[in-house]
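Q: predicted model and sequence below, questions to follow.
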Amino acid sequence: MHKSRDYYITPFFFFLIVCTTSSLFAQVSFRPTMIFVSENQRIQDITIVSQSDSLQEVAFSSNFGFPVHTKEEGLHISEGRQQDRFLYDLTPYVRVFPEKIFLAPGQRQIVRLQVQNSPQFESGTYWTRLSIKSQTTSPEAQDNLVPTGRQSTNINLVVRQNIGVFYKHGEVNTSLQLLELVTRQENSVLHVDPLLKRNGNSPYIGSLEVQLFSAVGELVSQSSIITSVFFETLTPLRLNVADLETGRYRLVLRFTTSRGDATSARLIQSEPFEIEEYVTINNVEGG
């Protein structure tokens, strides 16, 4: 007897910022990994490339959502409040042509995304997640390889990857506000957990760099991450303090609207936002 099962892999490819095509499970890759369109440029071409050794069926759909990090649930994709969806959901205005394609091994194809105009658009940034679902088209074709009387299971791996689609309409602006900063040391790791709120009419998409300085101004530890603040979220980051002596240190957090996977011209720009605080490191080994 032969059984065929579909297994869905739905990682947070989108918004971990935003989109990782080199995943172990990825059957197709794509460029760009973030899409920014505007009222003057409503169309964006997307190149899809098969990474599989079998024929792939690739389908496109979109739905509203954004990443948020909370103490209770950690990092997850939220659909937001009904009011959020009403104000910012771009999904009803997004079209992809064609909606489904078939790729042979190594084949590439260009699909076109278009954002339709609406009189409801006011100044600001609207967004959605473009979902790219890929799967082997004919797992049943392997039936002929299974000897009669033997039981086997074909795994048809279905992978969903997501691209952030952002539509900028009129004058757009964004900035950050610090609601709370919590720091704590656990063994050789300093946890830095800023709680942030986005101001303005657009998401804050950029990066965070954290630096730790000694009493004499020497940089002793640093780390950076990409970050996205759509409404309110934690942006946790960890610093290695294993080799530091016990003492008081200056902690500097610097947020900028720049990141490696998108040009600054595409991102909504804002002045750098810095936070400074003093922390005490208690390190028995280091001290």
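A: Yes, it's here.
Q: all helices for the stretch 151-287 of the chain, in order.
A: Counting by DSSP state H, counting those that start in this stretch, no segments of the stretch 151-287 of the chain form helices.
Q: so which residues of it form strands?
A: 152-169, 174-186, 189-200, 204-213, 219-229, 232-234, 237-240, 247-256, 273-281 (DSSP state E, counting those that start in this stretch).
Q: between those, which gets nearest to Ser29?
A: strand 152-169 (8.8 Å; CB to CB). (C-beta placed from N, C-alpha, C; glycine too.)
Q: which other helices and strands contact that closest one?
A: strand 2-9, strand 28-31, strand 34-38, strand 108-115, strand 124-136 (3 or more CB pairs under 8 Å, 6 or more residues apart in numbering; DSSP states H and E).
Q: from Leu75, how far out is Met34?
A: As defined by CB to CB, to the nearest Å, Met34 lies at a distance of 18 Å from Leu75.
Q: of the two, who's got more company?
A: For Met34 and Leu75, the more surrounded residue by other CB atoms under 10 Å is Met34, and the numbers stand at 19 against 14.
Q: now do that one, the pLDDT please.
A: Per-residue confidence at Met34 stands at 93 (pLDDT).
Q: who does it form a beta bridge with?
A: Taking DSSP bridges as the rule, Met34 bridges to Gly164.
Q: quick check, it in contact with Ile163.
A: Yes. Counting by CB atoms under 8 Å, Met34 does reach Ile163; the two are 6.7 Å apart.
Q: low-scoring stretches of this protein, by residue?
A: Residue ranges of the chain with pLDDT under 70: 1-25, 138-156, 284-287.
Q: what residue spans form the domains of it?
A: The chain breaks down into these domains under automatic domain parsing: 2-169, 174-281.
Q: end to end on the shortest one, go ahead and measure it.
A: The reference is to domain 174-281. One end of domain 174-281 to the other measures 34 Å (CA to CA, to the nearest Å).
Q: centre of the chain to that domain, how far?
A: Centroid displacement of domain 174-281 relative to its chain, using CA atoms, centre = their mean, to the nearest Å, is 18 Å.
Q: please shift the residue numbers so they start at 22 in all later answers.
A: Will do, 22 is the new start, and the previous item becomes domain 195-302.
Q: contact partners of stretch 215-225?
A: Residues outside stretch 215-225 that contact it (CB atoms under 8 Å, 6 or more residues apart in numbering): 87, 144-146, 148, 187, 189, 193-203, 248-256, 274, 276, 278, 289, 291, 296.
Q: show me which of those residues are buried.
A: Buried by 16 or more other CB atoms under 10 Å: 87, 145-146, 148, 187, 189, 193, 195-197, 248-251, 254-256, 274, 276, 278, 289, 291, 296, out of the contacts of stretch 215-225.
Q: distance-wise, check Arg181 relative to Asn220.
A: Counting by CB to CB, the separation of Arg181 from Asn220 is 32 Å.
Q: between those two, tell me which one has more neighbours.
A: With neighbours defined as other CB under 10 Å, Arg181 and Asn220 compare such that Arg181 has more, 19 against 13.
Q: is it true that that one touches Ser152?
A: Yes. Proximity of Arg181 to Ser152 meets the contact threshold set by CB under 8 Å, at 5.5 Å.
Q: tell me which helix or strand Arg106 sits in.
A: Assessed by DSSP states H and E, Arg106 sits inside helix 103-109.
Q: can you point out the buried residues in that helix?
A: For helix 103-109, by 16+ other CB under 10 Å, it's Tyr109.
Q: got a list of contacts for stretch 128-136?
A: Contact partners of stretch 128-136, identified using CB under 8 Å, 6+ apart, comprise 56, 58, 63-71, 81, 111, 114-119, 122, 124, 151, 186, 188.
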